[in-house]
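Asks: Sharing a model prediction with you, sequence too.
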Amino acid sequence: MSSQFGHEKVVKALLAGGAKVDQTNSNGATPLILSVENGHEVVVRQLLANGAKVDKANKDGYTPLWLSSQGGHRAIMKLLLANGAKVNQANNRGETPLIVSSQKGHRAIVKLLLANGAKVDLASTNGATALIVSRQYGHQEVVELLLANVAKLEQAEKAVKVEVVKEEEGQLKKPARVCGKCGKEAAKMKKCSVCKLVRYCSEECQLKDWKEHKKSCKTKAARKEGGAKGS
């Protein structure tokens with residue numbers, strides 16, 4: 001209750017007295033979930049500083065990040081992301097934070113999620129994507145933001161595929177100029193040290209993309225090594 005209503009001093013005293021930071025109520029909600037849902041940033045900070053599990057969901061699958069997306073609590077969302085919250089973790093209906101923030105028309109939240117690797121094409125159990133719900137509810141600014149992100153990803157993916165083919169065929173004469181994560185052009189790029197095919201404009205982009213890139217990284221490296229041996 002103290003977390004739900006933002007009673008900072010009470011929360012501090014309870015934690016100091018040994019209260020379990022992830023104790024749940026009948027619906028599986030933790031103090032962190034309740035404080036996030038009600039927008040109590042200071043309490044959120046207190047709980048995270050005391051080891052609260054950032055991705056622990058209630059019985060309906062709502063995580064703190066999901067609830068901050070629904071409520072439009074940008075400052076709280078930045079705290080959760082800084083503490084490693086999973087950006088694409090969905091609720092029991094398959095609705096991701098990006099889907100619910102797009103439905104609510106929270107453009108700033110959508111932008112923040114996209115910047116942290118939210119996937120635009122993920123769909124809920126009834127087939128709704130972020131783009132579908134933003135159009136359905138008439139949030140044109142969100143629609144435009146999502147479409148711009150899709151276009152950027154398609155451009156980056158196309159550029160990476162072309163460069164992979166060229167490199168495998170020994171045709172690539174100079175480093176790639178398009179980031180494999182954000183699609184931004186840059187004169188100097190960081191190459192993946194494993195597959196040595198995909199490049200990034202910064203270490204930040206490389207770290208953000210690693211979760212997805214690692215799924216194909218070793219395969220690309222093996223293909224490249226096999227091609228080298230064959231030649």
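Replies: Thanks, I have the structure now. Numbering: from 1, shown residues only.
Asks: ok, now how distant is the most centrally placed residue in the chain from residue 199?
Replies: By C-alpha atoms, centre = their mean, the chain has its centre lying nearest to residue 87, at 3.0 Å. Distance, residue 87 to residue 199, by C-beta to C-beta, to the nearest Å: 23 Å. In short, each C-beta sits where N, CA and C put it, glycine included.
Asks: ditto for residue 129
Replies: Residue 129 is 29 Å from residue 199, by C-beta to C-beta.
Asks: Between those two, tell me which one has more neighbours.
Replies: Comparing residue 129 with residue 199 by other C-beta atoms under 10 Å, the one with more neighbours is residue 199, at 23 against 19.
Asks: for the more buried one, which residues make a bridge with it?
Replies: residue 191 (DSSP bridges).
Asks: is it true that it touches residue 180?
Replies: Yes: using C-beta atoms under 8 Å, residue 199 is in contact with residue 180, at 6.0 Å.
Asks: Now do the shared contacts for those two.
Replies: With contacts taken as C-beta atoms under 8 Å, 6 or more residues apart in numbering, residue 199 and residue 180 have no neighbour in common.
Asks: In this structure residue 45 contacts residue 79, no?
Replies: Yes: in this structure, residue 45 is within contact of residue 79 by C-beta under 8 Å, at 6.5 Å.
Asks: Compare these two and say which is more crowded by neighbours.
Replies: Taking neighbours as other C-beta under 10 Å, residue 45 and residue 79 compare with residue 79 leading, 20 against 16.
Asks: Quick check: chain neighbours aside, which residue is closest to the more buried one?
Replies: With C-beta to C-beta, 6 or more residues apart in numbering as the criterion, residue 79 has its nearest non-adjacent residue at 5.9 Å, and that residue is residue 44.
Asks: Tell me the helix or strand right after the helix or strand hosting residue 78.
Replies: Here residue 78 sits within helix 74-82, counting by DSSP states H and E. Next helix or strand after helix 74-82 toward the C-terminus (DSSP H and E): helix 97-104.
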